Each structure stands twice: as C-alpha cells, then as structure tokens.
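Peer 1: Build me a model from this:
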Amino acid sequence: MSHSAPRFRTFLARAAVLTAVVSSAPLALAAQQPPTRPPSAQDSLQVEVRRLAALVDSLRAEVSRLRSEGREAEAQDALVDLRAAAEAAAAAAGPPPEPPGEQEFSGRERSLQALNPEVSLNADVFAHLDPDAAGADNFFAREFEISLISNLDPFSRAKVFIGRHVEGGEIVPFEQAEGDGEAGGGHGEGFAVEEGYVEWVGLPSGL
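Peer 2: Residues are numbered from 1 along each chain as shown. I've put the predicted structure just below:
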C-alpha cells in the first residue's frame, strides 16, 4: 500500500464527518429557527450543502478509480473508514430536535352535558303473603322519591329530593288494624319537596 493511503483515508474520514454534520444541520436549523429567517443565511447554507455534496461525489469517483486500477484493498479500507466516521458523526450529533407542537388552550367552562341534572328514582315497597286471601294484591308501595342533582357553577351544585307518599302503605300494629279500619290515616297522598339545598364543593380564587 502506498504512503498516500493513510492521507487519503484521513481525508475521507474528515469529509464524512463534515457531510454527516451538515446533512443533519438543515433539519435542526429548520426546527429551531423562526420562519422569518433572513434569505442570505439560507442561501449560504444551501451553497455549503452543494459544496459538500460535490465533495462526496468526488470521493466516490476516487474510490471507483482505485477499484478500476486494481487497488481493491485500499479502496475497501477507505470505504470502511468513511462509513465508520459517518456513523460516529451521526451518533455524536444526535437526532434533530422535534419542532414544538401547537399549544392547546382549554377553558374552565363546563360542558353542556355536565350541566344536565342527575336524576334518580328510589322506591319503598314491600310484599305481604296472606294464605287466606290468595287473590288479593299483596304488594304495597309506601313511597317514591325522585332526586335531582345539578351543577350550578364550577364551585357549587344543587340537590333537591321530591317524594310521593302512597296512602295505605304504612305498617301498623295488629291490635290497631281492626280498630282503625284504615291504615296510616295521618298521611296524605301527593308530591312534596322533602329536602333541597346548595352544596359548595370549592371556593373561588383557589381558597
């Protein structure tokens, strides 16, 4: 192998490092610099990229020439050094930074679905088995209750409970059932607001 081989391999290694760094530079610069970059800087960067591309082409031509002259071992060593230098430069440079994504702003307003009230129904029923009156209705409804819960604002919610008492569904002692002739005469039927209040789950200004 001639004395020019080490110099040629050193030249190829330096060119590979410059090529790898400059090839990743446009992506990094495009991600970091604002869109209002001066045209002169972009032009100079394009000129540098073209110069390095021409250098790589000349290196490839030199490798082809060495192979055509029968200096396969020297050309192979130069290619190995070129690839190793390019991989080392790419690993040292690292991946280009990702461009910052668009920032999403979310308001503190509640959605329309969150403002819909929560409605639930509760029932108080019982059954009585009388073998002497098999055909009688042995199911009794004592009371039905409807609960309404709705958000008023981000800091409070209202709760209202409406009940309907059914006449005749009370449980009375056996000794009073015959004398009264009618169970639960003290309660009337109809809807009534049993309970209603506003509940604060937080205070404004982070209190």
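Peer 1: Any idea which helix or strand in the protein has the lowest mean pLDDT?
Peer 2: For the chain, counting by mean pLDDT, DSSP states H and E, helix 174-180 ranks last in confidence among helices and strands (a mean of 52).
Peer 1: which helices and strands sit right next to the top strand by length along the chain?
Peer 2: Ordering each strand of the chain by length in residues (DSSP state E) puts strand 139-153 first. Applying 3 or more C-beta pairs under 8 Å, 6 or more residues apart in numbering; DSSP states H and E, we find strand 139-153 packed against helix 112-115, strand 118-127, strand 156-165. C-beta here means a position set from N, CA and C on the backbone, and glycine is covered the same way.
Peer 1: Where does pLDDT dip in this structure?
Peer 2: Along the chain, segments meeting pLDDT under 70 span 1-42, 52, 55-56, 70-75, 78-79, 81-82, 84-97, 99-113, 168-189, 206-207.
Peer 1: domains in it, as residue ranges please.
Peer 2: Residue ranges for the domains of the chain, per automatic domain parsing: 4-93, 112-206.
Peer 1: quick revisit: packed most tightly, which of the helices and strands packed on strand 139-153 would that be?
Peer 2: Each of the helices and strands packed on strand 139-153 was assessed for mean neighbour count using mean count of other C-beta atoms under 10 Å. The highest is strand 156-165, with a mean of 16.
Peer 1: which helices and strands does it pack with?
Peer 2: Here strand 156-165 touches strand 139-153, strand 190-200, going by 3+ C-beta pairs under 8 Å, 6+ apart.
Peer 1: Dump these to JSON lines, plus mean neighbour count and distance to residue 77.
Peer 2: Shown next, in JSON lines, are the helices and strands packed on strand 156-165 (neighbours: other C-beta atoms under 10 Å; distance: least, C-beta to C-beta, whole Å):
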{"stretch": "strand 139-153", "mean neighbour count": "15", "distance to residue 77": "76"}
{"stretch": "strand 190-200", "mean neighbour count": "11", "distance to residue 77": "80"}
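Peer 1: What's the separation between the residue lying closest to residue 119 once chain neighbours are set aside and residue 157?
Peer 2: In space, and not counting its chain neighbours, residue 119 is closest to residue 148: 5.9 Å by C-beta to C-beta, 6 or more residues apart in numbering. Distance of residue 148 to residue 157, given as C-beta to C-beta, to the nearest Å: 10 Å.
Peer 1: picking up where we left off before, export the helices and strands packed on strand 139-153 to a markdown table and tack on distance to residue 201?
Peer 2: Formatted as a markdown table, the helices and strands packed on strand 139-153 follow (distance: least, C-beta to C-beta, whole Å):
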| stretch | distance to residue 201 |
| --- | --- |
| helix 112-115 | 13 |
| strand 118-127 | 14 |
| strand 156-165 | 7 |
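Peer 1: mind checking which of those is nearest residue 47?
Peer 2: Across those, residue 47 has its closest neighbour in helix 112-115 (58.1 Å, C-beta to C-beta).
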